[in-house]
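Engineer: Next input, structure requested:
(4 chains)
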Protein chains: 2
Amino acid sequence: MTSPTLSDVARAAGVSYATADRVINNRGNVAEKSIAKVREAVTSLGYVRNVAAANLSRGRIYRLAFLIPRGSNAFFNRIRQHIDHAAAHHVSERVTAEVIEVAAFAVEGLQDSISALLERDFDGVAIVGLQSAALEAPLAELRAKGVAVVGLVSDLPRAARAAYIGIDNIAAGRTAGRMVGLAHGGQGGKVQTFAGSLDARDHAERLAGFREVLSTDFPQITVLDPIMTKDDAQVLQAQTQEVLTQQGMTALYNVGAGNSGLIAALRGGQGKRPFCVVHELVAHSRQALMARQIDLVIDQRPDVEINRAFTVLRALIDAKDLPPMPELVPTIYVRDNLPADSLTDQMKAQDS
Amino acid sequence: MTSPTLSDVARAAGVSYATADRVINNRGNVAEKSIAKVREAVTSLGYVRNVAAANLSRGRIYRLAFLIPRGSNAFFNRIRQHIDHAAAHHVSERVTAEVIEVAAFAVEGLQDSISALLERDFDGVAIVGLQSAALEAPLAELRAKGVAVVGLVSDLPRAARAAYIGIDNIAAGRTAGRMVGLAHGGQGGKVQTFAGSLDARDHAERLAGFREVLSTDFPQITVLDPIMTKDDAQVLQAQTQEVLTQQGMTALYNVGAGNSGLIAALRGGQGKRPFCVVHELVAHSRQALMARQIDLVIDQRPDVEINRAFTVLRALIDAKDLPPMPELVPTIYVRDNLPADSLTDQMKAQDS
DNA sequence: GCAAAAATGATATACGTCTATCAAAAATGA
DNA sequence: TCATTTTTGATAGACGTATATCATTTTTGC
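Structural biologist: Next up, the predicted model:
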């Protein structure tokens, strides 16, 4: 009942262990005929390499790095926290993860940080990226060194990374649009949108998806041009206050960050407020959802993304195919399907 | 830079490897003083057992079983498919999973199937359970044999399992209620509900959650008593047709299965149809969502659940603490945030 | 048919842990 | 103090793979 080893395969194929090994790890200098025999034995015996033994043998350790924007953004704090958490649970598999903070949303800073990675001995890196051709050269160098590179949350130039781990932001915008449309119950209305900056690709994409759904499926709803906020909570608060004074505003949608400002403005308001949709579940958006100050949060499940990043990077480093993984999809939260507070989780963890 | 081994720990603690081993694997017959010294060395060196080496050494294999209701139910077909898929990707870690079909929703059948497990040599079992005290005895026997037991999708008696992997069905019903409420845009309405049977705990819970939210937050909406369908598509089709002839029906909500019937009835209808919410994303509900025959699907992400089952069972078997895992939460699907079709995925997999 | 090149076989060591055995040392009790 | 028990040390084999070396056999080209 025990699974076959490479020695079994060699015996079945009628070759020596050394030759079987040459085939399995394609070291070359093997006759086609032998390759075929070994391959056949592998399938007929159902041989699968024992990763535990393999890793043990080569003393493999996985050194991972995460390049995350610096700053006090609640969302990226959450990301950082999840990385540390995941890393702690991966030590027994010889996986180490280091978070490297980079200047936020600056091509040059990111470029430098990527170049700096060349000096370090990482096996895999996950990068919160930007769409800039300037990144292609340093990334190409990195990959030439054999480092696995994936884009995280925000994609890198397509050719410069092996995978992208993040949601489809057009779909996220469409989802928000659908929900805003539904919430009008067939009636007309007027939606004010907010964005950090349209240079941020994710903001532009969300907005495009949002507009698309509303114009196609809910033409009786007017979408106003976005107010630019630089993701600054103060700007958002002031602008929201202003918007709330206007008549006939039936919904608000912020594609970007800075939601604490938007929420603060809503908290002050009285009477019936517009239907409110924001992105990313963090402490204040969760609280606002519970307090009925906003209606919907579209979240990208950073915890799932980080888990996925670990898995994908390991698979890339081992050059094996990916295990089955649930799809990344924009998640809709209302006050009724919120996951337990992660802070609560941490306290539980400390108890035990 | 290489991580410390148990020999390093022994040296640092000033004891032999054998003693360090006795402490680590608490084999007893060690002086308190030595235990303390080893513990100290472990923390100061940051020693972590190398699981790869450990598993290799003890030749550990994980034999898992999944007890799943027999039948052609689309949802459980999906579950079965995910199990096979996950199992295929776990062979390299010496994990095997066997799906055992049991009589659907019958306490006696399940009881017998659990007893039958005693004859087999499984390390862990995931069971789509029922709330019945009759299951407690056979489960206790199983656990006494050292088998890890978890409830899957539908819980077992609390004391009889180590964990439950599934969503909170009250939350799922609340979520559905919230969405139906929102979709009325402040107007009144009348909702027809459908259920398989209120003996099924999950159906009853969903309905309760649904009612709770609507009565609390949307009192202008009337919730009609559920039509019982036995999860039979034909019954559902006939009943839906009947309901659609009635005036003023603004929404439909089915907490159970048999949605193909409901969808067939909707496909026939003309003019404006009620807002429709169903559970579980399967081929026909996905198609109906795309074809705008229904509006919302609440899904429990069986793929995530299966992955989780594998992880939790392995952790239980190894008696180690659980790695970080994203929460299980009822997922809301609209036509804009659907994951790629799993059939498409399979075809892709065949290509490569 | 011969030299050179390519392919194969045989074998040894290492990875870190588990498990077991046996002998030696230390602690305990009377 | 001596016998008994408890604790410790030393060590060896196994798990399955990776990697390397060196000798031997087979194939290739001319």
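
Engineer: right, is stretch A:117-135 up against chain B?
Structural biologist: No. Counting by CB under 8 Å from any CB of the partner chain, chain B is not contacted by stretch A:117-135; separation bottoms out at 8.8 Å. Placement of C-beta: from N, CA and C, glycine included.

Engineer: Give me the distance between the two termini of that stretch.
Structural biologist: From its first residue to its last, stretch A:117-135 covers 13 Å (CA to CA, to the nearest Å).

Engineer: Now do the buried residues in it.
Structural biologist: Buried residues in stretch A:117-135, counted by 16 or more other CB atoms under 10 Å in any protein chain shown: A:117, A:122-131, A:135.

Engineer: for the residue in chain A that chain B sits nearest to, phi and psi?
Structural biologist: Closest residue of chain A to chain B, CB to the nearest CB: residue A:185 (2.3 Å). Main-chain torsions, residue A:185, degrees, to the nearest 10: phi 50, psi 40.

Engineer: Quick check: it touching residue B:181?
Structural biologist: No. Assessed by CB atoms under 8 Å, residue A:185 is found out of contact with residue B:181, at 10.0 Å.

Engineer: The two - which one has more neighbours?
Structural biologist: residue B:181 (24 against 16; other CB atoms under 10 Å in any protein chain shown).

Engineer: Using CSV, write out every CA atom in the one helix or strand that one maps to.
Structural biologist: For residue B:181, the element it lies in under DSSP states H and E is helix B:169-183. The C-alpha trace of helix B:169-183 is given here as CSV (Å, rounded to 0.1, in the frame of the first residue of the first chain):
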residue,chain,number,x,y,z
ASN,B,169,-26.8,29.5,7.5
ILE,B,170,-28.6,32.1,9.5
ALA,B,171,-26.1,34.7,8.2
ALA,B,172,-26.8,33.4,4.7
GLY,B,173,-30.5,33.9,5.1
ARG,B,174,-29.9,37.3,6.6
THR,B,175,-27.7,38.2,3.7
ALA,B,176,-30.5,37.2,1.2
GLY,B,177,-32.9,39.2,3.2
ARG,B,178,-30.7,42.3,3.1
MET,B,179,-30.4,42.0,-0.6
VAL,B,180,-34.1,41.6,-1.2
GLY,B,181,-34.7,44.5,1.1
LEU,B,182,-32.3,46.7,-0.7
ALA,B,183,-33.7,45.8,-4.1
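
Engineer: Just after it, pick out the following helix or strand.
Structural biologist: Counting by DSSP H and E, what follows helix B:169-183 is strand B:189-195.

Engineer: Can you give me the separation between residue A:155 and DNA strand D?
Structural biologist: Going from residue A:155 to DNA strand D by CB to the nearest atom of the strand, to the nearest Å gives 32 Å.

Engineer: Could you give me the buried positions within stretch A:5-21?
Structural biologist: Going by neighbour count (16+ other CB under 10 Å), the buried part of stretch A:5-21 is A:5-6, A:8-13, A:15, A:19-21.

Engineer: Correction: the previous question concerned stretch A:224-238.
Structural biologist: A:224, A:226-229, A:231-233, A:235-237.

Engineer: Regarding it, how distant is the last residue from the first?
Structural biologist: Terminal-residue distance, stretch A:224-238 (CA to CA): 17 Å.

Engineer: and if you look at stretch A:328-339?
Structural biologist: Taking CA to CA, stretch A:328-339 runs 17 Å from one end to the other.
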